[in-house]
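# Below are the sequence and a predicted model for it; my questions follow.
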Amino acid sequence: MAKQLRIVPEKCTGCIQCELACSFVQTGTFQPARSLIRVHLFDDQASYAPYTCFQCDEAWCLTACPVNAITISPVGAKAVIDDLCVGCGLCTIACPYGTIWYNPDTHKAIKCDLCAGEPACAIACPTAAIEYAEAPAADWLGPWAEDLNKTYSEMQTASVAHGGAQ
Amino acid sequence: MIGGWTGTVLRVNLTRGTIKKEPLREDWARDYVGGRGLGTRYAWEEIDPTVDPFSPKNKLLFVTGPLTGTNASCGARYMVVTKGALTGAITTSNSGGHWGPELKFAGYDMLIVDGRATQPCYLWIHNDEVELRDATHLWGKGVWETEETLRKETGVPDTIVASIGPAGENLVRFAAILNDLHRAAGRSGVGAVMGSKLLKAIAVRGTGGVRLADPRGFMAASWAMKAKLKESAVTAEGLPVYGTAVLVNVINEHGAMPTRNHLETVFEKAEDMSGETLTDTRLVANKACFACTIACGRVTMLPGEASNKFSVSTSPRNWKIAGEGPEYENAWAMGADCGIGDLDALIKAGWLCNDLGMDPITYGATLAAAMEMYEKEIISNSVTGMPLRFGSAEALLAMAEQTAQRRGFGNLLAEGSKRLTARFGHPEFFMGVRGQEFPAYDARAVQGMGLGYATSNRGACHLKAYTVSPEILGIPKKMDPHTHEGKAEITKIFQDITCAVDATGLCLFLTFGVGLEEMLPQLVAATGTPYTMETLTQVGERIWNLERLWNERAGLGKGSDVLPKRLLEEPVPSGPAKGLVSKLPQMLPEYYQLRGWTPEGEVTAEKRHELGLP
Amino acid sequence: MLTLLGGLRRFGSREQHVSGATVGDVLAAAPVPQHVLFPGDELNRDIEVLVNGRNISFLAGLDTKLSAKDRVTVFLHGARGYPGG
């Protein structure tokens, strides 16, 4: 089984060291706006969710690319071949998770390629909320968000019942 | 350009409505490193020490450090430098969260705000585009609603906001500036200075990056320091699991917890407001600032009934389901110092202070002084509007709102305890130095802290020389908290080192786990400047002396190195520190000598020359 | 009376009666595992022990004599679980 980035949002503290490490690999500077992993800070619910491409089986981006610029790398990641990429942006539309982006500086598509087997974000994470482990490619974000939404509405209802926050 | 810096300073004049970009003074950046140091150097140049803090001529400086915005563990910090509304002293107030890094990413090392606007406004910084916008519709709103509104208004969801609440707008002397909802430049009334300028908020979004001189060397040094942080009990488990409130029981067991306006030093209800109780009953999760490995933030909840136990009128519509805090200091000031052990009250009061935008330490300590006066029948219901007895959670919550809005007795509390107690003819009930109230360690029980408080440039403060580390926690070595020997030396060392840390942009809590030695390689690799431990410590000493010189011009120099009579003459009545008074008179002369000052405590010409001071 | 703070409470309750003539005796009888208190020959350098609020370093160390009314407080700097844990 190929290794994937396994994300455990419960362990995330929102420190965004993953974003810093990733942007450092991409640009040689600290520039979260260029990171290929992003952390959503849901301050309301005290939840923080790192998310990036989880190398889905459907490979929407790869299928959508008109010039075959996305390939499967030796570590099993969907990787953009810069020389072939023409910057059309179709992959960014095709990806249902929003984890492939267009870089306006280089005019290329950018996405997580698992750092060729040594993902910087997993190394950087101080709480092991990101692990590089053998796991099936899975949309962990969907079910987790659904769960979170349910908890949030329950908390809202209980709070309103007690005359609290609306 | 020195690594870690963008090279650009943003200068905003609110009177003229002008926005200018100017080059960073690289020589000052080199000699003062950044943050607190760089801010003080600019303040020396630009802020008249005799000016009124609310005058348009007072300036607000928001200063990052070279490591702000980098992966250096805890590279989140920025410093607000101004003439404090509470104290009139040089004020350096530090905050974390994400705002400082965002300013850097937008392309600016520092923001200087000058003058006064004609109507409420906010500053919107979006990379190159910087503009002043009308904030009339925001005036009166709490910090949380302001942040939410501005994120929608700018159209950029990742906007980070620093703002003031009603307390700052109403010039409450100890109003704070909040960013990321719960992070604060808390003390000395920096929020009131911002309010006096009619500046409601500074919203920032930056998509640039921070460039380093030696990126590879930096990363190696950064990983090495992170590994050390994982080895320390405080930074690896204590702070993440229990937060700073882990100190409640520790300090109380030592009999060093100021209780009921420093009348006693042991609080019988300490366990109820401790970190252990917080973690067991009200904690939801811990939280980190930008790039932080420690994650000491407390995300807490007040479930159902607990949320409505107290009658406050601040609109619940603006309250989220989970808030943050309490930290050790606000649990103490609003808890033990007021004789209150109700954790839910402390949580709620803490959220109020964050949303309304004021310092909970000064608020709690001021209320404590008011409570003492009430208990001693110096003031009564006709003045206060309601009973203010020690232990009253109702009073705590009600007065927090009144203070922020300057309503009723709150209008008097809003002046801080020095002015409050003087007004009623009892200045001896003011527990502080240079107009600022003590934090959570009794100077009689922790002797070194007494010296630190008395000589702190911005007023009584635990952060500027945290000798609790050796005196209570045994870090880096054990010192007896009850004796005064060796305290002058350790205080000076801590003061200088703390200045250096505050200049880098790193969080002071790193020092629970590592020393300046571990931070140094990152600073060198980031900036490309070959600092050594010796030159970096000298930078610290330089900063300390420049602050002192500024204060001398403001009339807050040597004559202000005093402690209240209660600490010098009233022995601790009970507990482990029973019978002790502060031995400040024995420590101060030695301290002046070690500093190389005159016996009266003035900076000498030789010292100025030695440190290359202006 | 033996008082445990922070993470040490996973080993025993907040307060409990433990008898001993000296601090060393009380620690030997304490619910905290011996390998946590004494990872080597000496007291864990991350652990502080107080008698009535005074650090034993400024009393007689582990030989500090105790009476029935004395309060012994044990805490870790920041209250970690156990070394390496």
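Cool, the structure landed. Keep in mind that what you see is a predicted model, and the values were worked out from it rather than measured. Numbering: from 1, shown residues only, chains lettered A, B, ... in the order given.
# Number of residues surrounding the residue of chain A found nearest chain B?
Taking CB to the nearest CB as the measure, the point where chain A comes nearest chain B is A:Gln31, at 2.8 Å. Placement of C-beta: from N, CA and C, glycine included. By other CB atoms under 10 Å in any protein chain shown, the residues close to A:Gln31 number 22.
# if you skip the residues just before and after it, what's nearest to it?
Of all residues not flanking A:Gln31 in the chain, B:Gly209 sits nearest, at 2.8 Å (CB to CB, 6 or more residues apart in numbering or on different chains).
# I figured the one you found was touching A:Ser35, is that so?
No - B:Gly209 lies out of contact with A:Ser35 (CB atoms under 8 Å); the separation is 10.2 Å.
# what touches both of these two?
Listed as contacting both B:Gly209 and A:Ser35 by CB atoms under 8 Å, 6 or more residues apart in numbering or on different chains are A:Ser23.
# Model confidence for residue 28, exactly?
Defaulting to chain A. In this model, A:Gly28 is scored at 91, pLDDT.
# switch to chain C, that's the one I care about
Per-residue confidence at C:Ala28 stands at 94 (pLDDT).
# list the contacts for it?
C:Ala28 sits next to C:Gly20, C:Gln34 when contact means CB under 8 Å, 6+ apart.
# hang on, B:Leu111 in a helix?
No - assessed by DSSP: H, G, I helix; E, B strand; the rest coil, B:Leu111 does not belong to a helix; its assignment is strand.
# Can you tell me how far it is from B:Thr504?
Distance of B:Leu111 to B:Thr504, computed by CB to CB, to the nearest Å: 19 Å.
# Give me the more crowded residue out of those two.
Each of B:Leu111 and B:Thr504 has its neighbours counted (other CB under 10 Å); B:Thr504 has more, 34 against 24.
# Pull the contacting residues for the more buried one.
Counting by CB under 8 Å, 6+ apart, B:Thr504 makes contact with B:Val33, B:Gly34, B:Gly35, B:Gly65, B:Pro66, B:Leu67, B:Ala72, B:Met519, B:Leu523.
# Let's see that with 10 Å instead.
Shown in contact with B:Thr504 (CB atoms under 10 Å, 6 or more residues apart in numbering or on different chains): B:4, B:33-37, B:64-68, B:70, B:72, B:74-75, B:77, B:510, B:516, B:519-520, B:522-523, B:526-527, B:531, B:536, B:539.
# Please apply the same query to B:Glu153.
Residues in contact with B:Glu153 (CB under 10 Å, 6+ apart) are B:Tyr122, B:Trp124, B:Arg133, B:Ala135, B:His137, B:Leu138, B:Thr159, B:Ala203.
# Once you drop chain neighbours, what's closest to A:Asp113?
Of all residues not flanking A:Asp113 in the chain, A:Ala79 sits nearest, at 4.0 Å (CB to CB, 6+ apart).
# so the one you found makes contact with A:Cys65?
No - A:Ala79 is beyond contact range of A:Cys65, at 11.6 Å (criterion: CB atoms under 10 Å).
# where do the strands sit along chain C?
For chain C, the strands defined by DSSP state E occupy C:2-4, C:15-16, C:47-51, C:54-55, C:72-76.
# nearest to B:Leu563, of the ones you listed?
strand C:54-55 (23.1 Å; CB to CB).
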